[in-house]
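In: heads up, no residue letters with this:
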Ligand code: SF4
Ligand code: SF4
C-alpha cells in the first residue's frame, strides 16, 4: 500500500517528461493514475454507519452522502426543511456536527426538483470502480452525466495574488504548466468518452493568457475536435493588448469567461479598472464575453441588479452574466459562514428585488430543464445529443431579450417553457416506444405555435412570426443557422453554485457535467477537483510540475517579476472607463484614495508613473 | 470453489428525482459441455453500508443507480452468494428490472479463467439495443453459439 509520505514526496521530473512523445506521456499517466487515487484509511475514513437525526421543527427531505470539512471522512448527511429553507447536517465522529444552509428557499427547491433528468452515464470510464464516491474520480463507472464542459488548466501562474487564493504558483511552491504534447494527450483523453465525447472546452489557470503559446493551445483543441472554446481570464492582459484579443478570436476562441465581481472598485478590486478597456478590445476583435461574478452575501449581493444592467448596457459584446454564489473554504465557524453564505434562490430573489420584478423568480429554471430538447432531437435524428443533466440544485438560468427602447423580456414571458418541455419529452418517449417520426414531426409542426404567446414576444421576433420560424428551424429542420439572429440583443443569465465541504452533496457531484481533465489522464468533476484539492487538483498538479527554481532556470524569468502593478490614475482618466460605467455608477464620486486603497487591500500594488 | 455475489433490491426515490425500481438477479452458468444450469444462492444477507463499492460495481454503470441513491431513498436489498461449479465456462447474470413501471432485462456475461473471472459483456440501460442485435453481439463477444444464448436468455 502507498503511504501518505510516499504520495506527498512523489514527483515526476517534469523537465524529462517535457521531452516525451504522446505515447510516452500516456504510459506515465496510466502508471501514475492509480498511485494518486485517494486511499481509504490513509487519506479518508468511512463513517457512514451513523445517520444524523432530525430535530424539532425539521422536516425530512432526503439523506445523502457528504464529506467531513475537516478530515474528509465520508459521512451520511440529512437534508431537511426548516423555516422555509433547506439545510444539510452531518456529524463526524472525530470533528462533531456541521449544519449548513443548502438552499435558501424550499418552494423554489420543490419547483426546481420537478425538472431533474438524469444522464446516460459513461460507457467507457477512465478509471475502475475501486473506492466510494467522491474518492474514485474519475470519471469512474458510476458517474451519471457526460461532460458538457471540459476545463483544462494550462498554468498555475497568475499575474495577480488575490488574498484568498492558494492556487497560484508562488504560494503553491511549484509551477504547473503542461507541455503542448501533454495538453494534446489530456484533450484526447477527454474526447475519448462515450456515448458523448466532450466538445466544449474552457482553458483556465492560473491566468491562461500568461502562456505565450495560448494560441497554439487553441489550435490543438480545434484539431482534437473541440468546437466550443472559451478562455477563463481576469482580462488584465487583454486590457492592454488588443492584438491578443484578435489572435484569440482568429485562433477559434468562441467566448471569454471573465471575472466580474461588481460594478465598483469596492466590490470588484480584481479588475474593475481594466474591464472597460477589455470590452473595447474585445469589440475590436469581435470576441464576446461572459461576465462571471462570484457572489458573497453582504459584500456584493447588493450590486446584482447593477451587474446585470452593466451586462445589458454592453449587450453588443457581453453574451451573458454567470453568477457563482461563493464556495466557502477553510475552517470557518458557522456564524462566519452564515455571514457570507448565499445560495441560488437567495440570489434569484435579490435579482427580482433589484430589477423591480422585471426578472422574477419564475423566470429561472434549473439546468436540466433543457434535457427534453436533447431527448427530442436525439429521438428524431438518431444522433446522440449533449444533455445537460446536472443536479437541479447546482445551477439555474434564464434568457433576457432587450428591446430597442430598453424594455426587458425574459424568454419565459412569451414561451411556455413548462408545457413546451413536457411536450418534447412526451414526443421523444413516443418515438422510443416505436411511433413513426413523421407523425411526431407533423404534430410538432402543428403544436409549436401554441407554446408561444406572440403578443408578449420581443417586437423583432413578433414580425413575420419570426420566433415560430426559429423554433421550426431548430426542432423540425434541426438547422441552427439562424440562431445568431435569434441571439441578437439577448443576455444569458446563469448561476452555478459550486460546492464546498460544508454543503457538499455526493448526489450533486455524481451528476456533475463540468469536469477537469488532469495530467494523469483522469477526468474529475469540478466539485471534486476544487472542493477536495488535496486529493485531486493539488496532488496531481504538484506531481506533474516544475519546482520554482527549475522553472526560473528554464525560462530565465522570475515569477514575482510577472506580477501586475496597476496604474489607476491612467485607467480612470480614460474615456473608456467613464463611458462603460456611465448610467450604472457615478465614477466621479469615488475619491482617488478609495480606488488605491481598494486595489492595495486586495493585493494588487498601485503605481503612478 | 469460486464464489460470486449477486444483489436483489427494491428502491423508491423522491429526491432528486422520482423513481421506483425493483431488480432481481438470476445467475446461470454455461458449463464446458454447453449445458445451461440455473444456480440457487447458498446464502443471503441484507445489504450494509460497507457494500457500497460492491453495489456500485454491479449497478452504477449498467442501471445508473448508485449506492448514494440507496442512501437517498427508501430501500431494501439482499446480497446473495453463489458457488460456481468447477466445470462452469461462462456465468450469466440476468437482471430483471422494473423501473417506473417499465420492465427490461439486462445481461452480464463473465468468463471463467484459471485464476479469475473476466467480464466479457454487459448491457447498459440507457443504451439498450433490440434483443436480436444484443444476442448477435453476445455471440460474437463471448464466442457462444446463438442457440445457447437464446436458451439462457429465454429460460
Ligand atoms: S464524483 Fe463521479 S467520478 Fe467522482 S467518484 Fe463520484 S461518480 Fe465517480
Ligand atoms: S461544478 Fe459543482 S455545482 Fe456545478 S454542476 Fe458540477 S457539482 Fe454541480
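Out: Cool, the structure landed. Nothing here was measured: the structure is a model prediction, and the numbers come from that model. Numbering: from 1, shown residues only, chains lettered A, B, ... in the order given. Ligands and ions are numbered 1, 2, ... in the order given.

In: around chain A, which positions in chain B sit nearby?
Out: When proximity is defined as Cβ under 8 Å from any Cβ of the partner chain, chain B approaches chain A at B:14-17, B:49-50, B:52-53, B:56-57, B:60-61, B:64, B:66-69, B:71-73, B:124, B:126-127. Quick note: C-beta positions are derived from backbone N, CA and C, even for glycine.

In: ChimeraX command for the buried members of those residues?
Out: Those of the residues of chain B next to chain A that count as buried under 16 or more other Cβ atoms under 10 Å in any protein chain shown are selected in ChimeraX with:
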select /B:15,16,17,49,52,53,56,57,60,61,64,66,67,68,69,71,72,73,124
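
In: among the residues of chain B next to chain A, which ones are in strands?
Out: Of the residues of chain B next to chain A, none are assigned to strands by DSSP state E.

In: return the subset of the residues of chain B next to chain A lying in helices.
Out: B:52-53, B:56-57, B:67-69, B:71-72 (DSSP state H).

In: which two among those are spaced furthest apart?
Out: Farthest-apart pair in those is B:57 and B:72; separation 19.1 Å (Cβ to Cβ).

In: for the closest residue to residue A:125 other than its chain neighbours, what are its contacts?
Out: With sequence-adjacent residues excluded and distances taken as Cβ to Cβ, 6 or more residues apart in numbering or on different chains, residue A:125 is closest to residue A:141, at 4.6 Å. Shown in contact with residue A:141 (Cβ atoms under 8 Å, 6 or more residues apart in numbering or on different chains): A:121-122, A:125, A:128-129, B:56-57, B:60-61.

In: now residue A:141: how far from residue A:395?
Out: Relative to residue A:395, residue A:141 is positioned 25 Å away (Cβ to Cβ, to the nearest Å).

In: contact partners of stretch A:440-457?
Out: Everything outside stretch A:440-457 that qualifies as a contact, by Cβ under 8 Å, 6+ apart, is A:379-380, A:409, A:413-416, A:419-420, A:423, A:427, A:430-431, A:462, A:465, A:467-468, A:471-472, A:475-476.

In: check stretch B:53-62 too.
Out: A:121-123, A:125, A:129-133, A:141-142, B:5-7, B:23, B:25, B:47, B:65-67, B:70, B:77, B:79, B:95, B:106, B:108, B:122-125.

In: could you report the neighbour count for the closest residue in space to residue A:305 that isn't next to it in sequence?
Out: Leaving aside its sequence neighbours, residue A:305 sits nearest to residue A:354 (Cβ to Cβ, 6+ apart; 2.8 Å). If you count neighbours by other Cβ atoms under 10 Å in any protein chain shown, residue A:354 ends up with 19.

In: pretty sure residue A:354 is touching residue A:301, no?
Out: No. Using Cβ atoms under 8 Å, residue A:354 is not in contact with residue A:301; the gap is 9.1 Å.

In: and the residue of chain B found nearest ligand 1, what's its pLDDT?
Out: Closest contact between chain B and ligand 1, by Cβ to the nearest ligand atom, is at residue B:66 (7.0 Å). Per-residue pLDDT puts residue B:66 at 96.

In: shouldn't it be in contact with residue A:142?
Out: Yes. Residue B:66 is within contact range of residue A:142, at 4.7 Å (criterion: Cβ under 8 Å).

In: shared neighbours, the two?
Out: Here residue B:66 and residue A:142 have A:133, A:510, B:56, B:60 as joint contacts, going by Cβ under 8 Å, 6+ apart.

In: out of those residues, who's near ligand 1?
Out: Filtering those for neighbours of ligand 1 using Cβ under 6 Å from any ligand atom leaves A:133, A:510.

In: and the furthest pair within the shared contacts of residue B:66 and residue A:142?
Out: Taking Cβ to Cβ as the measure, the shared contacts of residue B:66 and residue A:142 have their most distant pair in A:510 and B:56, spaced 10.2 Å apart.

In: overlap of the contact sets of the two?
Out: A:133, A:142, B:66.

In: between these, which sits nearest residue A:236?
Out: Closest to residue A:236, out of all of these and judged by Cβ to Cβ, is residue A:133, at 37.7 Å.

In: pLDDT at the closest one, what is it?
Out: Looking at residue A:133, its pLDDT is 97.

In: quick one: it and residue A:512 touch, right?
Out: No. Using Cβ under 8 Å, residue A:133 makes no contact with residue A:512, being 10.9 Å away.

In: okay, now the unreliable bits of chain B?
Out: Applying pLDDT under 70 to chain B picks out residues B:154-155.

In: the longest helix in it is where?
Out: Scanning chain B for the helix with the most residues, using DSSP H, yields helix B:131-142.

In: neighbouring contacts of whatever helix or strand comes next after that one?
Out: With elements assigned by DSSP states H and E, the helix or strand that comes after helix B:131-142 is helix B:146-154. Helix B:146-154 is contacted by residues B:28, B:30, B:34, B:36, B:92, B:94, B:105, B:107, B:131, B:135-136, B:138-139, B:142 when judged by Cβ under 8 Å, 6+ apart.

In: the same query, at a cut-off of 6 Å, please.
Out: B:28, B:36, B:92, B:135, B:138-139 (Cβ atoms under 6 Å, 6 or more residues apart in numbering or on different chains).

In: show the buried residues in these.
Out: Buried among the contacts of helix B:146-154 by 16+ other Cβ under 10 Å: B:28, B:92, B:135, B:138-139.

In: okay, those in JSON lines with distance to ligand 2 next?
Out: JSON lines is the format used below for those (distance: Cβ to the nearest ligand atom, whole Å):
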{"residue": "B:28", "distance to ligand 2": "40"}
{"residue": "B:92", "distance to ligand 2": "37"}
{"residue": "B:135", "distance to ligand 2": "38"}
{"residue": "B:138", "distance to ligand 2": "36"}
{"residue": "B:139", "distance to ligand 2": "40"}
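
In: right, I'll leave it there.
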